[in-house]
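**Student:** 3D model of this:
(one chain, ligands or ions: 1)
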Amino acid sequence: MTDSAKRQGFSTRAVHAGTTPDPTTGARVPPIHQSVAFVFRDVEHAANLFNLDEAGFIYSRLTNPTVSTLQDRLADLEGGAGAVCTASGHAAQMLSLFGLMRAGDEFVASNKLYGGSITQFGHAFARLGWTVRFVDPDDPETVRGACNDRTRAIFSESLANPGGIMCDIESLAKIAHENAIPLIIDNTLATPVLCNPIAYGADLVVHSTTKFLSGHGHAIGGAIIDSGTFDWVASGKFPHLTDPNPAYHGTSFVEKFGELAYTVYSIAVSLRDLGPTMSADIAARTLTGIETLPLRVKKHCENAQATAEWLQKHEQVEWVSYAGLPEDPYYERAQRYCPDGAGAVFTFGVRGGYEAGVKVVENVTLFSHLANIGDTRSLIVHPASTTHRQLSDEQKTAAGAGPEVIRISVGIEDIDDILADLEQALAVATGG
Ligand SMILES: Cc1ncc(COP(=O)(O)O)c(C=O)c1O
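**Tutor:** The predicted structure is shown next:
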């Protein structure tokens with residue numbers, strides 16, 4: 001992040017951060033470096049790159065110039081020291097923890113997460129010997145009580161998918177730091193336009209760039225942004241970052257890379273050995289998407305607010321869970337952490353339970369019935385029958401995905417068309 005970029009406004013940085021005209025061709029848009037490998041100047045250059053004595057490009061599983069441009073832009077927008085891009089949001093979550101955990105370690109996670117994350121944490125990660133303890137993030141004493149000597153991180157979403165729930169980032173950061181472990185925040189739903197978790201004490205931020213960042217439903221990707229401020233040495237719980245690493249000739253990542261220790265480890269070890277890399281093509285699409293992120297998020301939030309207010313008054317709707325509504329229990333917290341809008345993804349309960357929920361999603365025409373969020377298009381899903389169906393009934397309810405729940409991701413179309421579509425689908429579903 002350059003000083004001049006830091007001084008510029010968010011919208012300017014969304015367009016420019018990380019990029020300059022291509023020095024060889026003058027290309028103004030970052031070129032897609034669709035090359036697996038990069039030619040060494042000579043053997044000494046190669047040795048320096050392999051020894052991590054010089055920054056540069058070897059092989060695109062580790063680093064690629066287009067992906068690197070996106071990493072720089074994301075680090076800038078989230079206020080971090082460095083970033084690593086990955087093949088998906090799930091890959092970012094796996095890699096974020098791989099940089100912290102060994103078999104036998106534990107982490108504490110919010111029980112109000114995207115259903116796929118609850119499954120990934122509870123099932124796939126268990127096979128790696130990583131134990132997750134799910135907790136209610138709104139109960140600090142439970143979060144505190146779930147931490148022990150083997151705990152290596154606390155994980156939560158800023159705005160949770162699908163419940164319209166805002167977590168208290170500062171409270172979680174305090175508990176994490178009391179335990180000398182990092183707080184990881186999934187900022188996918190809020191995006192850095194609405195919330196910068198690092199400013200409230202988060203140490204690592206993860207994203208599914210698949211959603212609002214790329215923004216057009218055409219690019220699966222993920223990212224980890226490192227604040228660069230966690231004190232790995234004082235913690236003493238992360239020897240792979242602080243002690244000499246035999247695979248890199250005894251290099252201590254902290255000694256050699258300082259605030260970039262975790263970022264460099266994530267590229268030079270985690271990506272190198274696990275391999276869930278973002279492609280140059282996807283990085284280019286995501287860079288283009290981010291250029292309009294502030295404009296899109298503003299429109300998404302305006303439409304979401306209007307839709308939530310309209311649904312709240314609709315007689316076929318039992319309840320609306322949107323942190324932008326003054327009556328919502330998360331309203332005050334959202335005003336504090338996301339003052340410019342409570343995002344565009346939220347849930348409501350339709351009268352008539354599971355059956356009515358299924359009928360709503362089957363009768364929309366403008367909304368697309370699919371399992372995604374953060375597209376320019378309005379999207380709708382019935383979590384209990386789709387995204388959250390792997391969860392137990394108890395987990396579904398905790399995650400805000402009960403039988404009557406509909407999740408919408410409000411797009412950037414004209415608000416009258418969005419409301420007209422919901423009106424006719426609700427009428428068919430509830431026989432109104
Ligand atoms: C909040 C959140 N985090 C992570 C993910 C996983 O992202 P991806 O689908 O890019 O792996 C999702 C997917 O819906 C999500 O909503």
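**Student:** tell me which residue of the stretch 151-300 of the chain lies closest to the ligand.
**Tutor:** Ser208 (3.1 Å; C-beta to the nearest ligand atom). (C-beta placed from N, C-alpha, C; glycine too.)
**Student:** list the residues that contact the residue lying closest to Asn148 once chain neighbours are set aside.
**Tutor:** Nearest residue to Asn148, sequence neighbours excluded (C-beta to C-beta, 6 or more residues apart in numbering): Glu106, at 6.9 Å. With contact taken as C-beta atoms under 8 Å, 6 or more residues apart in numbering, Glu106 is in contact with Trp130, Thr131, Val132, Arg133, Asn148, Arg150, Thr151, Arg152.
**Student:** near the ligand, which residues of the chain show up?
**Tutor:** Selection of the chain residues close to the ligand by C-beta under 6 Å from any ligand atom yields 88-90, 114, 116-117, 157, 161, 186, 188-189, 208, 210, 220, 222, 373.
**Student:** and those residues, which is closest to Ser279?
**Tutor:** Ile220 (9.7 Å; C-beta to C-beta).
**Student:** helix/strand/coil for the closest one?
**Tutor:** coil (DSSP: H, G, I helix; E, B strand; the rest coil).
**Student:** surely it touches Thr86?
**Tutor:** No: using C-beta atoms under 8 Å, Ile220 makes no contact with Thr86, being 10.0 Å away.
**Student:** how many neighbouring residues does whichever residue of the chain sits closest to the ligand have?
**Tutor:** Going by C-beta to the nearest ligand atom, the ligand is nearest to Gly89 of the chain, at 2.3 Å. When neighbours are defined as other C-beta atoms under 10 Å, Gly89 has 24 of them.
**Student:** now do the contacts for it.
**Tutor:** With C-beta under 8 Å, 6+ apart, Gly89 has these contacts: Asp186, Thr188, Val206, His207, Ser208, Thr209, Thr210, Lys211, Gly221, Gly222.
**Student:** so what pairs up with the nearest residue to it once chain neighbours are set aside in the strands?
**Tutor:** Counting by C-beta to C-beta, 6+ apart, Gly89 lies nearest to Ser208, which is 2.5 Å off, once chain neighbours are set aside. Bridge pairing for Ser208 (DSSP bridges) gives the partners Gly222.
**Student:** what does Tyr59 give?
**Tutor:** In beta-bridge terms (that is, DSSP bridges), Tyr59 pairs with Ala37.
**Student:** per-residue pLDDT, it?
**Tutor:** Looking at Tyr59, its pLDDT stands at 97.
**Student:** okay, Ile220 and Thr86: which has more neighbours?
**Tutor:** It is Thr86, of Ile220 and Thr86, that has more neighbours when counted by other C-beta under 10 Å, with 30 against 20.
**Student:** wait, isn't the more buried one in contact with Gly222?
**Tutor:** Yes: counting by C-beta under 8 Å, Thr86 touches Gly222, with 4.1 Å between them.
**Student:** okay, and the common contacts of those two?
**Tutor:** Ala92, Met278.
**Student:** what are the boundaries of the helices in the stretch 151-300 of the chain?
**Tutor:** Counting by DSSP state H, counting those that start in this stretch, the stretch 151-300 of the chain has helices at residues 169-178, 191-194, 232-235, 239-242, 253-257, 261-265, 272-274, 280-291, 293-312.
**Student:** which of these is buried the deepest?
**Tutor:** Mean neighbours per residue, mean count of other C-beta atoms under 10 Å, is largest over the helices of the stretch 151-300 of the chain for helix 191-194, with a mean of 27.
**Student:** quick check: end-to-end length of stretch 125-134?
**Tutor:** 13 Å (C-alpha to C-alpha, to the nearest Å).
**Student:** over to stretch 202-211?
**Tutor:** With C-alpha to C-alpha, one end of stretch 202-211 sits 21 Å from the other.
**Student:** how many neighbours does the residue nearest to Thr142 when sequence neighbours are not counted have?
**Tutor:** Leaving aside its sequence neighbours, Thr142 sits nearest to Val135 (C-beta to C-beta, 6+ apart; 4.9 Å). Around Val135 there are 22 other residues, counting by other C-beta under 10 Å.
**Student:** tell me where the chain has strands.
**Tutor:** 82-86, 106-110, 131-135, 151-157, 159-160, 165-166, 183-186, 204-208, 222-226, 317-321, 345-350, 368-369, 379-381, 405-409 (DSSP state E).
**Student:** what are the contacting residues of the first one?
**Tutor:** For strand 82-86, the external contacting residues (C-beta under 8 Å, 6+ apart) are 67, 70-72, 74-75, 92, 95, 209, 221-226, 228, 259-260, 262-264, 266-267, 270-271, 276-278, 283.
**Student:** since that was my last question, I'll sign off now.
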